[in-house]
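Asks: turn this into a structure:
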Amino acid sequence: MPRDVAKKLKQAFSAAQDEAQRNAAVLALLRHSLDLGHRRLSLKRLEAAVSFGAVLDAEDLHRCADLALGISDPRIHARLALLSRQLDGARCFSSL
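Replies: This is a model prediction of the structure:
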């Protein structure tokens with residue numbers, strides 16, 4: 001069942017006609033992975049959401065960080081730290 005949901009969400013992303021639809025689809029994929037507790041996939045989908053410029057909720061970020069920090073892989077932690085710096089930089093830049 002969850003695979004069917006993910007497949008439909010991926011199709012919605014592929015069929016997106018504009019930035020708003022693409023961002024909604026990428027956030028839906030992220031939240032789906034978070035709900036299922038996917039550690040690595042959630043981080044990958046968070047990276048995709050950031051790269052597409054989607055507006056992220058603090059809750060989504062915290063849930064993803066909690067999952068990623070549960071992995072004892074320094075490369076995963078480095079990716080999370082990089083995302084954190086990117087998001088902090090974007091927030092500082094947008095407040096100017």
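Asks: give the buried residues for the lowest-mean-pLDDT helix or strand in the chain.
Replies: Least confident helix or strand, the chain: helix 74-94 with a mean of 81, by mean pLDDT, DSSP states H and E. Judged by neighbour count (16 or more other Cβ atoms under 10 Å), helix 74-94 contains these buried residues: I76, R79, L80, L83. For every residue, glycine as well, the C-beta is placed using N, CA and C.
Asks: of the residues you listed, which is the nearest to R3?
Replies: I76 (23.3 Å; Cβ to Cβ).
Asks: any idea how far A12 is from the nearest residue to that closest one once chain neighbours are set aside?
Replies: The shortest distance from I76 to any non-neighbouring residue, by Cβ to Cβ, 6 or more residues apart in numbering, is to A68 (5.4 Å). For A68, the distance to A12 equals 25 Å [Cβ to Cβ, to the nearest Å].
Asks: between the two, which is the more surrounded one?
Replies: A68 (20 against 16; other Cβ atoms under 10 Å).
Asks: from the chain's centroid, how far away is stretch 30-44?
Replies: Chain-centre distance of stretch 30-44: 8 Å, with Cα atoms, centre = their mean, to the nearest Å.
Asks: now the nearest residue to F52 once chain neighbours are set aside. Its backbone dihedrals?
Replies: Nearest residue to F52 in three dimensions, chain neighbours excluded: V26, at 5.3 Å (Cβ to Cβ, 6+ apart). Dihedral angles of V26 (phi, psi; degrees, to the nearest 10) stand at phi -70, psi -30.
Asks: do the same with G70
Replies: phi -80, psi -10.
Asks: could you do D73 as well?
Replies: Residue torsions, per degrees, to the nearest 10, at D73 are phi -130, psi 110.
Asks: pLDDT weak spots in the chain?
Replies: The model of the chain has pLDDT under 70 over residues 1, 90-96.
Asks: can you give me the helices for it?
Replies: 2-14, 19-36, 39-51, 58-69, 74-94 (DSSP state H).
Asks: list the buried ones in stretch 17-30?
Replies: Buried-residue list, stretch 17-30, by 16+ other Cβ under 10 Å: R22, N23, A24, A25, V26, L27, A28, L29, L30.
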